[in-house]
Structures are given as structure tokens and as C-alpha cells.
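# Have a look at this prediction, sequence included:
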Amino acid sequence: MSLLAKGILQGMAVTAKNFFQSYYKKDRLPTVQYPEEKSTVNQFTRNIPFLVFDGDDPIDGMRCTACTLCEKACPPQCIYIIKDKDENGKPIKRPAVFDIDSSVCMSCQLCVEVCPFESIRMDSEFELSNENRFEGLLLNRDELLRSNEYYHEIHPLEAQETDDRIVAKEAEAAAKKKEREEKARKAAEAKKAAAEKKAAEEATAAEEAAPATENKVAETEAPKAEAAPAETAPTAESPTEPEAKQADAAPEPKAEEETPEEPEKKE
Amino acid sequence: MEINHEAILTQFPDLEWEEDTQSLIVPPEKAVEVVTWLKEHPEMRLDFLSCVSGVDYPAKEVKTKARNEEGKMEITVTQHPEKMEVVYHFYSMEKKIGPLVLKQRVMSRENSTVTSLTPIYRGADLMEREVFDLFGINFTDHPDLRRILMWDNFEHHPMRKDYTPPNDYDYEPTPHDDVIERAQEREKEREGQEA
Amino acid sequence: MSTETMPARGFNLSKDDLGADILEIAMGPHHPSTHGVFRMDLKLDGETVVDLKPIFGYLHRNHEKLAEDIPYPGSMPFTDRLDYLCGMTNNWAYALSLEKMLEVEVPERAQYIRIICAELTRLVNHCLLIGFFINDLGALGTPLLYALREREKILDLFETLSGARMMVNYMRFGGVRCDLPDGWLEECKRIVDKFPAFLDEYETLLNENEIVITRSQNVGVLTAEEATNFSITGPMLRASGVNYDLRKVDKYGIYDRFDFKVPLGAHGDCYDRFMIRMLEMRESIKILNQAMKDLPDGDIIGKVPRVFKPAAGTEVYGRIESPKGELGFYLVADGSTNPYRFKVRPPSFINLTALRHMCIGHKVADAVIILGSIDIVLGEVDR
């Protein structure tokens, strides 16, 4: 077998083809001259997380309620949250400290999946180099806060879906509230009516035989039981409504805390 | 596709079949004999050793709550003795059957020794070395038993349940204040010890 | 360590036989052709390898111990980092093991998406491997860059699908994380349709090349019996002529619905290993075309519990055919949300067992090719 033979010549033809076509075919030369020229970033790309806020003021519009679900779900434990307090020492639903150590973060997106408030999202910024290895790579709350508009800019599809979801949730919450009020009103009416009826019946029943009253009591108790959950329920509503967020308790944070590792919640 | 374990138990009546985990418990001194038989058995031909894993079970108490006959809650405490297991998963490439889970079990965590299957399955070589390295289980008849993933003069066996990893805050500070404080405290402690 | 402890085929040279000194050199850990931080301690007689000791652990992070301290779903992103070229198949192997443990049903659509992703991963891995293998042969750059160029297109697909190119973290217990974005399938079809043209070109470039043939034929021969005994799996096993592909044997997922062949080698040398990968890519394209044609609508994730808490004492060993071989996960549960024992059966680690056996008697330059043909990724070897 001679060394310079058919196979090698064939191969050289292929390389020559590649070489010449690289001048005019985009398929053959897909590289770009990086610092001068940047290829477009895919809108689905994920990198380091950031916090979304609504409106103009980052602090007031912050969606995060410092529920620490993401802190618990983070596999390399790069999130660090301290809850804010007002001047009386009462905790506010807002983080005072929200740090992400970007040198530890592995961009797995599990924090995004567990967040019930649509607050933490993935950035697509990739030029993250820094002069300071420790403090520089530690992103604090103010560095992490980005507006919803920015979110729409980098992930248009996902942001739109999130907004739709928030609107739907709010609508649902409002409908529920209305329904609940309606129920409460009806229950109150029923209670009133029942009480009146009971009073009237008691007056008559006093004269009649004893066993008949037992049934009546059972009947009158039923609407009471129905009315009971309506009085306690308002705490479980509208987590994403910014105004309601401050006043209302988070939607059962206890129950959520027990299951921080459940990533499919948002599906 | 499952392997008929009854046949194995007929051949070796003193082996134990664990129903919960569907595995064959083999005492270390009989391992080679059993495995050779399995490998040459015309219906099984377990010629492929897929996976060797060590498992560490320190002694522990398990408390289970259950209602007794009178309807009262009763706590029963079960003592689980300490043990070490080396789990082998066998398949047959020729017959395309498997798996057979075979466990060599030793009831002590110190100086636990099992028999190496490397003379029969040479694929076990690196896997058994890994078990030795990470669990500290010795293999008799292994041709080249030394550490594989950790460095040679490393002292512990990191996959054991009682292993505590070193505190690495000293040389790798993270930006959080309390972590730095802890590192400084340790620094002071160490200086105090030296002085 | 004694050098003669393992029975090795062929050479039994010592310096007394030849009257020459045996030279000991450490190849690696920063040698470019050891594919990462891998070291071979070689004993050379002239140019011939007399003994070889593979040394690794430089990337060891005790993935298995880490997994014991975090809940089951938290380990999913860590599996991407095992064999960092094939994130999708690693995810699948882990998901499959836990699904087996909890007996979770995976919906049709998710099964098809998984298969599409896994076969794309196979294309990525084999493409890259062939590139690096040729690189090891001495063809610096050119063929490797052609392979990288094609791989890039598939990585772009993964990026659109999961958000990341390599660390995909895409599969979940009971399904996949998100549905295919609009237009993804069309783009995927376009890329897969173009792939055979690239393969044709690549084969013209390499298959008949005399240098490739002389350098790799009859180098690092592993017979079928030896390969089985060494627990070799994957393309390397099939290059030795053993018909054992888990896609056909276990039929995990829905592989039984697809029509594809398992390429087998006849000699078990480096050239066969290289050709097997070429042929497997063609079979993968067949599977991809069938899967994309039949992709049904429906759910992408099945009914899964909110918290994963397998019963105490349950054990499971789940395995799939990753591009490098049999990737298995052995899980032991203790009734809590964290695994009690989390063991990975890494194919490239176990395939390395045969390295010493294959290299002894060959020249140093051949040892490099043999290592290249095993297809190791140090993230998986060291874990």
C-alpha cells in the first residue's frame, strides 16, 4: 500500500471543498469574531438567576416574599436569604438580604421551578467576569433586582406566559373572593332565617312532643358549618397581587416548606 | 427475564434469599464457589458483572409506632446491627437475562473483609478498588488493592456514614459574614493551640 | 506495586531480557491527549509499553456522598456533570431508576421526547469522540472542528429546549420539564435531515484514509470473551462482536417500537470501535426520524407524588444505554426524602479496566489511540 493513495486524496478533496466553501457558505464557517461581533442570545438560555419587580420602584414592586423555598431547593446552596423587619421588629414579607453566590450557582433552574410568586427567574447575561473573586461574584439583592420589562426583553415568550398566569391567578383569586363573600352573605342570611325559624319552631315545639326537635337542630347546624371556612379563608388568596402581598399572609408557607424539593409545582 | 433463584438455593441450600430486596446473601467464604457455578451454569451463564457497590449500615435503633391489640399506641424499638454490604449485579450477555443481585455481607464495620471476585470477573478490578477506597472494605485475593479515587495517604473512607468532611472554610472563604467569622474563630483556636 | 500482579497478554519483557533500561514516565495529568486530567504511569522499553497504570481521581468530588445529603430531585442537575457531554442520557438514567423504584408511569409524549433527546445526545457524543480520536491519531484540528461544527447545531437545539447547551437538567421523574417550544420539531427535523450528508462527507474524509487504517487496525484488540469478562459495555463491547445493546435487551422506555439495527464489529480493534460509532450514528438518525414522525400529543409529565419518599429498604438498579455504555444508578432508600445510598455505574470508568490489557505490547503512540477509542470523560470516571 503506497502512502499517498486514494483515501488520502479523497480526504484532501473534502478539506479543499470545506476550505473554499467557507468563504461563501454560512454553514461551513459558523464562527463569529467574538468581542467585536456577538451572536444573538437564544431567548431560552438560562444562566444566573435574578429577581423580578413590577412597576418602577425595585423595593416596593419586589415579588419576592422571602419564603426561602428557593434557598431550600438549591442543590449547591448558593442562595442566602434574611427576612426584612420593620422598625417594631415585626417581619415583613420581603428579603432584607438576598444573596446569590454566582461562583457556586450551577444554573440548574430548580429555584425558578419552586418559586410560587413568579419572582426568581433566569438571566441570560453571560459576561460575568469580575475582578474580585469573592465579593465581586456575590450578587446581592439590589444587583439581582431587574424590572419586568427587562424580563420581557430577554425571555419574551416565558415572560408573557408568566404575566398571563399572574393575571389568571388574580382573576381567580378575585372570583374566589367574590364567591366567598357571596357565600358568607348567604350563610349569614340562612343563619338568620334559621334562627328565626328555630325561634318560631321552638315556641311551637315546646308544646309538642320532644323527639321532633332533635331533627330540627341538626338541620340548623348545617349552614353554620358551611359558613365557618369562609371566615378564615381570606389568608389563602392572591399571592401575586402586589398590594395584597404586604397585608396578607403567604399562601400557607408551612405546607410549602415541607415540600421544597418538589420541582413540578409550576408545571 | 428474571433468574430462577430456586435453582441456586437447591444447589447451595445454606444461602439466604432476601425477599424484600430480591437478593442472594452469600457469605464471603463461599462467594467464589457460588459465582463460578453461576457463571458456568448452562441455563444462567452469568458472564457479565455489571456493577459493584458498597453499602454501609451503622448500628441503629428504629422506632416504629403501631397500634397494639387493645388499640393503644405502642412504640417498638428494633435494633439493627451494624453491617457492611458489597452488592454485585450480574447479568448474562449470552442468555440476555438478569439481574441477579448478590450480596456479600459482613456484620462488622471494622476490618470488614470480603472475597474479591476479580480472579473470575476482571471487570470487578476497578470497581472493587473503589469500594475499598471509599468504604474501607478489604478484598482478599484482589491483585492490586490500593486507593483509586482518593490520594494514597488519605486516611479516612469518605463514603462511610460516620465520616465528617473537613471544614474547608479556612482556605476557601465565602463572602458571607458569618462564614468568615467562623473561619476567623477557627484561626484563633488554632493559634491558641499552637501557643 | 508489583507490575506482574495482573496477568497480561503478550509481552513479558524485563530489562534483563533486552539489556536495556526500563523507562518510567508519567503521561498526564495535563497531557492533551488524555482527555482531561487522567494520568497513565507508563513503563517503557524503548517505545514499547511494558506496563501501564491508570491513575485518576483528580476530578473526584464524591458525587455519591453529595447526593446522600440532598433530596432526590436535587441530584438531577448533578447528574449532568457526570458525563458532561451527554447530559440528557444521564438525566434519563437517574429518572428511570427512581421511576422504577416508585413505579411511576411516564406518558407517551414524554417517552418520545426522551428518545429524541437521547438519540441526539448519541449523535453529539459519537461526533465528538470521532473527532478527538482522529485528533489523537495526529490529524490535529481539521476533522475535529468539522465534528464540533455539526455538534454545535444539536447543542443549539438543546439550548432552545432546556435553556442550557450541556448542563441540560431537562428530565424529571415521570416525564420531562417542559414541552417542546414552537418550531423546535421542525428545526430538529431540518438538522437531522442534513446530518447524513455530513456523515457521508466525514466518511469520505476518514474511512478509507490509509493513515487511519494503518494506525488503528489491529491496535488494542479485545476479543469478545475478554470484553465480556472485563465488563466492557457500549460501542466498545459491540466492536468486539458481542450483540448486547440495552435498547434491544432491556427495551427501556419505548425502544421496542423502533426499527433499528445494532452494528457489530468483527475484530475488536480501534478501527472497529471508530466504525461502530459511525454506524451507530446512522442508526440513531433512523430512530430519530421514526420518533419525530410518531410524536403524539399529550401530557409531558405523569402523576408523580409531591414529595419523593420511597419506602425504607427498597433498592433499585436502573440502567440505560448511554452513548458510552451501560449507565446505571443503584439507589437504596431509607424512607426519607434523601437517598440512603446513591451509586453510579459509570461506563467510561469501568471500560478503563481493559486499558492496561490492551496497551501492553504496543507503542506509546498507540496507547494514546487506544485511550481515545475507549471514549472516557473524566467527569464520569472520577465522579
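Structure's in. What do you need? Numbers count the residues shown, from 1 in each chain, chains lettered A, B, ... in the order given.
# What are the boundaries of the strands in the chain?
By default, I'm working from chain A. For chain A, strands defined by DSSP state E occupy the ranges A:49-53, A:79-85, A:91-101, A:120-122, A:138-139, A:145-147.
# I was thinking of chain C, sorry if that wasn't clear
C:23-27, C:39-45, C:48-55, C:171-172, C:175-176, C:315-322, C:325-333, C:339-345.
# Report all helices and strands that the first one contacts.
Under the contact criterion of 3 or more CB pairs under 8 Å, 6 or more residues apart in numbering or on different chains; DSSP states H and E, the helices and strands touching strand C:23-27 comprise strand C:39-45. The C-beta positions use only the backbone N, C-alpha and C, and glycine is treated the same way.
# So what touches the strand it packs on?
C:3, C:13, C:15, C:18, C:20, C:22-29, C:31, C:34, C:49-56, C:58, C:355, C:364, C:367, C:371 (CB atoms under 8 Å, 6 or more residues apart in numbering or on different chains).
# 7 Å - rerun?
Strand C:39-45 is contacted from outside by C:3, C:13, C:18, C:20, C:22-29, C:34, C:49-56, C:364, C:367, using CB atoms under 7 Å, 6 or more residues apart in numbering or on different chains.
# what's the answer for stretch B:131-151, then?
Contacts of stretch B:131-151 (CB under 7 Å, 6+ apart): B:52, B:54, B:56, B:84, B:86, B:112-116, B:118-119, B:126, B:128-130, B:154, B:157-160, C:1, C:5-6, C:57, C:60, C:382.
# filter those residues to the buried ones?
Applying 16 or more other CB atoms under 10 Å in any protein chain shown to the contacts of stretch B:131-151, the neighbour count classes B:52, B:54, B:56, B:84, B:86, B:112, B:114-116, B:118, B:126, B:128-130, B:157-160, C:57, C:60, C:382 as buried.
# thinking again about what came up before, rebuild the strands of chain A as TSV, extending it with distance to chain B, mean pLDDT and mean neighbour count.
Output for those, formatted as TSV (distance: least, CB to the nearest CB, whole Å; pLDDT from 0 to 100; neighbours: other CB atoms under 10 Å in any protein chain shown):
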stretch	distance to chain B	mean pLDDT	mean neighbour count
strand A:49-53	17	88	23
strand A:79-85	6	83	17
strand A:91-101	7	83	19
strand A:120-122	19	88	23
strand A:138-139	4	83	22
strand A:145-147	18	85	17
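# nearest to chain C, of those?
strand A:120-122 (6.7 Å; CB to the nearest CB).
# on contacts alone, who are the packing partners of that closest one?
Where contact means 3 or more CB pairs under 7 Å, 6 or more residues apart in numbering or on different chains; DSSP states H and E, strand A:120-122 is packed against strand A:49-53, helix A:110-114.
# Save these as JSON lines, and put in distance to B:M107 too.
Below are those laid out as JSON lines (distance: least, CB to CB, whole Å):
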{"stretch": "strand A:49-53", "distance to B:M107": "48"}
{"stretch": "helix A:110-114", "distance to B:M107": "40"}
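# Pipe those into a markdown table and attach distance to chain C per row.
Listed next are those as a markdown table, based on distance: least, CB to the nearest CB, whole Å:
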| stretch | distance to chain C |
| --- | --- |
| strand A:49-53 | 12 |
| helix A:110-114 | 7 |
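# Need the strands of chain A in TSV (columns: distance to C:F274).
Shown next, in TSV, are those (distance: least, CB to CB, whole Å):
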stretch	distance to C:F274
strand A:49-53	42
strand A:79-85	46
strand A:91-101	43
strand A:120-122	39
strand A:138-139	46
strand A:145-147	49
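# Show me what C:L52 is bridged to.
In this entry, C:L52 is beta-bridged to C:L42, by DSSP bridges.
# Can you pull out the low-pLDDT segments for the stretch 151-267 of chain A?
Within the stretch 151-267 of chain A, the ranges that satisfy pLDDT under 70 run A:205-267.
# Not counting residues beside it along the chain, what's closest to the residue nearest the centre of chain C?
Nearest to the centroid of the C-alpha atoms of chain C, with distances taken as CA atoms, centre = their mean, sits C:K324, at 1.9 Å. In this structure, C:K324 finds its nearest non-sequential neighbour in C:P347, 4.3 Å apart by CB to CB, 6 or more residues apart in numbering or on different chains.
# And A:T15, by the same measure?
Spatial nearest neighbour of A:T15, chain neighbours left out: C:T142 (6.0 Å); criterion: CB to CB, 6+ apart.
# Give me the neighbour count for that neighbour.
By the measure other CB atoms under 10 Å in any protein chain shown, the count of residues near C:T142 is 17.
# One more: A:D142?
10.
# hmm, back to that, distance of the residue nearest to the centre of chain C from chain B?
Here C:K324 is placed at a distance of 14 Å from chain B (CB to the nearest CB, to the nearest Å).
# Who are the contact partners of residue 162?
I'll assume chain A. A:E118.
# Chain C was what I was after
C:S162 makes contact with C:V168, C:N169, C:Y170, C:R177, according to CB under 7 Å, 6+ apart.
# 10 Å - rerun?
Neighbouring residues of C:S162 by CB atoms under 10 Å, 6 or more residues apart in numbering or on different chains: A:44-46, A:109, C:80, C:87-88, C:91, C:117, C:168-171, C:176-178.
# And the pLDDT for it?
According to the prediction, C:S162 has pLDDT 87.
# cool, and A:L69?
85.
# got it, and C:R172?
Looking at C:R172, its pLDDT is 88.
# got the contact list for it?
A:113, A:263-264, A:267, C:73, C:76, C:91, C:95, C:98-99, C:106, C:110, C:178, C:300-302, C:304.
# so where is chain B shaky, pLDDT-wise?
Scanning chain B with the threshold set as pLDDT under 70 gives B:1, B:166-180, B:183, B:190, B:193-195.
# the domain parsing of it - what is it?
B:5-56+B:85-164, B:166-195 (automatic domain parsing).
# Mind telling me which residue is nearest the centre of chain A?
By CA atoms, centre = their mean, the most central residue of chain A is A:E118, 2.5 Å off.
# any idea how far the nearest residue to that one once chain neighbours are set aside is from A:K93?
Once flanking residues are discounted, A:E118 sits nearest to A:T162: 5.0 Å by CB to CB, 6+ apart. For A:T162, the distance to A:K93 equals 20 Å [CB to CB, to the nearest Å].
# same check, this time on A:I166
17 Å.
# sorry, back to before: so who does the residue nearest to A:T15 touch?
C:T142 sits in contact with A:G11, A:V14, A:T15, A:N18, A:F19, C:G131, C:I134, C:N135, C:L205, where contact means CB under 10 Å, 6+ apart.
# ok, the fifth one touching A:R28?
Yes - the pair formed by A:F19 and A:R28 meets the contact definition of CB atoms under 10 Å, at 8.6 Å.
# More neighbours: which of these two?
Shown here are A:F19 and A:R28; by other CB under 10 Å, A:R28 has more neighbours (15 against 12).
# ok, which stretches of the stretch 51-200 of chain A are helices?
A:69-73, A:110-114, A:141-144, A:148-154, A:156-205 (DSSP state H, counting those that start in this stretch).
# wait, I meant chain B
Per DSSP state H, chain B carries helices over the ranges B:5-11, B:31-40, B:124-135, B:177-194.
# So which of those helices is the most surrounded?
Across the helices of chain B, averaging neighbours per residue (mean count of other CB atoms under 10 Å in any protein chain shown) puts helix B:124-135 on top, at a mean of 25.
# now that one against strand C:48-55, angle please.
Counting by axes from the mean of the first three to the mean of the last three CA atoms, to 10 degrees, helix B:124-135 lies at 30 degrees to strand C:48-55.
# Centre of the chain to helix B:124-135, how far?
10 Å (CA atoms, centre = their mean, to the nearest Å).
# Over to stretch C:59-72?
The chain centroid and the centroid of stretch C:59-72 are separated by 21 Å under CA atoms, centre = their mean.
# okay, how far is it across it, tip to tip?
23 Å (CA to CA, to the nearest Å).
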